[in-house]
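In: fold the following and give me the result.
(one chain, ligands or ions: 3)
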Amino acid sequence: MTLVAPAHLRLARHARLREQLRGAGLDALLITSLPNVAYLSGLFASAAAVVVTRDRFTLITDGRYLGIAQGLVADMPGVELVITPATIAFDQALAEALCVIGNGRAGFESAHFTVKRFGDLQARLTKLAPGCELEGSEGLVERLRILKDEWELEVFSEAAARLSDAAKCIIPKALAGMREREVAAVIEAELRRVGFDKPAFDTIVASGPNSAVPHYRAGDRVLTAGDLVVLDFGGVFRGYAVDLTRTITVGPASARQRRLLEDIAAAQDAGFAMVREGQPATDIDRGTRESMTAAGLGDAFGHGTGHGLGLEVHERPRIAQFRAELVGEPLQPGMVFTIEPGAYFPDWGGARIEDDAALTTSGAIWLTDVPRFWTH
Ligand code: GLY
Ligand code: MN
Ligand code: MN
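Out: Ligands and ions are numbered 1, 2, ... in the order given. Sure, this is the predicted structure:
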């Protein structure tokens, strides 16, 4: 598997983005979200941008990425590379790439461009192309990222298999007497060992009463017999994030703990059963939530059921409760997302079970494959 998406797939993304530009009536789009830049160009950089017009594609970065960027554009015919010299402001290069449209409409990504940068770019553009209008746009690249192409689906299968293997090795190592942060260190070392470039987020090891805090991280508490322990971890592979949670018991599970874990697992299955092409993504949440509510856990399930995965760990589709702005997200082949119900009881503890799923042209599949019940 190649390290970045093959050039023909990156070029196909450019073509789909140009359709979005036409739909939005834009002559150009400035892309400053770094995951969006990576998606379109293959370049993962801390300083980079893309300017797309109806007939040009310019990747802008600085000298630190020269060799990598040259390699990436070499097999994308027509793509220009601008390496900004240290003597000019990075945003001057953006203005110069945008001003080629003359009297036209140039979009920028409102969610990824500060007010300060906007004012500065506006001033630079006014000097270069006074008739060029800058306007905010939203989600034009993110919309494309929701549907994974064949290379991305291969990456997800591989990443989820590695995460599953890592989980089976890691989970038995979370033992009574260890501090939460020691367990987190074991998890993160194993993620690197099996090929992940970095953790996808701050690893969660939440033991005993801490397990009632859904996004606790990992502190100094020592894992103790009788605890529920939420282990939530993920890694970044070829730029893509995968995400998994298991809740273990330290020592035999009490009847209440076992029942809680079984009810959550059943709710996860109920959500997965809703994964069908054309079904609104919110139906996965509905299926999961109805199952949790029937088990008496509805009030303790205080978060959404899941989220899309991709170049960011939380992206579309939102697998959350129905809200007016989420209606228009029907499930389609190529979507990859988590299903992660949980229930939390302050002072007693909580549990969550999270797996990664995909909708493919032949139906819904689980990507991760790890036993759901663990007792140490
Ligand atoms: N650990 C982040 C999440 O599960 O969404
Ligand atoms: Mn998650
Ligand atoms: Mn997670």
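In: how many neighbouring residues does residue 253 have?
Out: By other Cβ atoms under 10 Å, the residues close to residue 253 number 20. C-beta here means a position set from N, CA and C on the backbone, and glycine is covered the same way.
In: what packs against the helix or strand of the chain with the lowest mean pLDDT?
Out: The weakest-scoring helix or strand in the chain, judged by mean pLDDT, DSSP states H and E, is strand 374-375 (a mean of 88). Using 3 or more Cβ pairs under 8 Å, 6 or more residues apart in numbering; DSSP states H and E as the contact definition, the elements that strand 374-375 packs against are strand 240-249.
In: name the helices or strands packed onto the strand it packs on?
Out: Using 3+ Cβ pairs under 8 Å, 6+ apart: strand 240-249 touches helix 150-170, strand 228-237, helix 255-272, strand 349-352, strand 355-360, strand 374-375.
In: how about those, which one is nearest ligand 2?
Out: Across the helices and strands packed on strand 240-249, ligand 2 has its closest neighbour in strand 228-237 (7.2 Å, Cβ to the ion).
In: hang on, the earlier thing: Throw the helices and strands packed on strand 240-249 into a markdown table and include mean neighbour count and distance to ligand 3, thanks.
Out: Formatted as a markdown table, the helices and strands packed on strand 240-249 follow (neighbours: other Cβ atoms under 10 Å; distance: least, Cβ to the ion, whole Å):
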| stretch | mean neighbour count | distance to ligand 3 |
| --- | --- | --- |
| helix 150-170 | 20 | 11 |
| strand 228-237 | 27 | 4 |
| helix 255-272 | 19 | 13 |
| strand 349-352 | 26 | 8 |
| strand 355-360 | 22 | 9 |
| strand 374-375 | 16 | 16 |
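In: right, and these - which one's nearest residue 15?
Out: Of all these, helix 150-170 sits nearest to residue 15, with 15.9 Å by Cβ to Cβ.
In: can the closest one be found next to ligand 2?
Out: No: shown here: helix 150-170 not in contact with ligand 2 (Cβ under 5 Å from the ion), separated by at least 12.0 Å.
In: beyond that helix, next helix or strand please.
Out: helix 180-193 (DSSP states H and E).
In: how about residues contacting whichever helix or strand comes after that next one?
Out: Next helix or strand after helix 180-193 toward the C-terminus (DSSP H and E): strand 198-199. Strand 198-199 is contacted from outside by 188, 191, 192, 233, 234, 235, 236, using Cβ atoms under 8 Å, 6 or more residues apart in numbering.
In: rerun that using 10 Å as the cut-off
Out: 184, 187, 188, 191, 192, 233, 234, 235, 236, 237, 241, 313 (Cβ atoms under 10 Å, 6 or more residues apart in numbering).
In: count the residues that sit near whatever residue of the stretch 51-200 of the chain ends up closest to ligand 2.
Out: Across the stretch 51-200 of the chain, no residue is closer to ligand 2 than residue 200, which sits at 8.8 Å (Cβ to the ion). Residue 200 is flanked by 24 other residues according to other Cβ under 10 Å.
In: my guess is it contacts residue 313. True?
Out: Yes: Residue 200 is within contact range of residue 313, at 4.6 Å (criterion: Cβ atoms under 10 Å).
In: about what we covered before: who does the least confident helix or strand of the chain pair up with?
Out: Using DSSP bridges, strand 374-375 pairs in its sheet with strand 240-249 (parallel).
In: nearest residue to the one residue in the stretch 1-150 of the chain that gets nearest to ligand 3 other than its sequence neighbours?
Out: Relative to ligand 3, the nearest point of the stretch 1-150 of the chain is residue 35 (18.1 Å; Cβ to the ion). Distances taken as Cβ to Cβ, 6 or more residues apart in numbering put residue 311 closest to residue 35, at 4.0 Å, once the chain neighbours are dropped.
In: so how far is ligand 3 from the one you found?
Out: 16 Å (Cβ to the ion, to the nearest Å).
In: mind giving me the domain split of this protein?
Out: 7-144, 146-375 (automatic domain parsing).
In: follow-up on the earlier one: for the residue of the stretch 51-200 of the chain closest to ligand 2, give me its contacts.
Out: 159, 163, 191, 233-237, 240-244, 309, 312-314.
In: and the protein, which residues reach ligand 2?
Out: 243, 338.
In: can you list the residues of the chain near ligand 1?
Out: 201, 204, 232, 243, 340, 354 (Cβ under 6 Å from any ligand atom).
In: let me know the closest of those residues to residue 133.
Out: residue 201 (38.2 Å).
In: gap between whichever residue of the stretch 101-250 of the chain sits closest to ligand 1 and residue 288?
Out: Closest contact between the stretch 101-250 of the chain and ligand 1, by Cβ to the nearest ligand atom, is at residue 232 (4.6 Å). As judged by Cβ to Cβ, to the nearest Å, residue 232 and residue 288 stand 17 Å apart.
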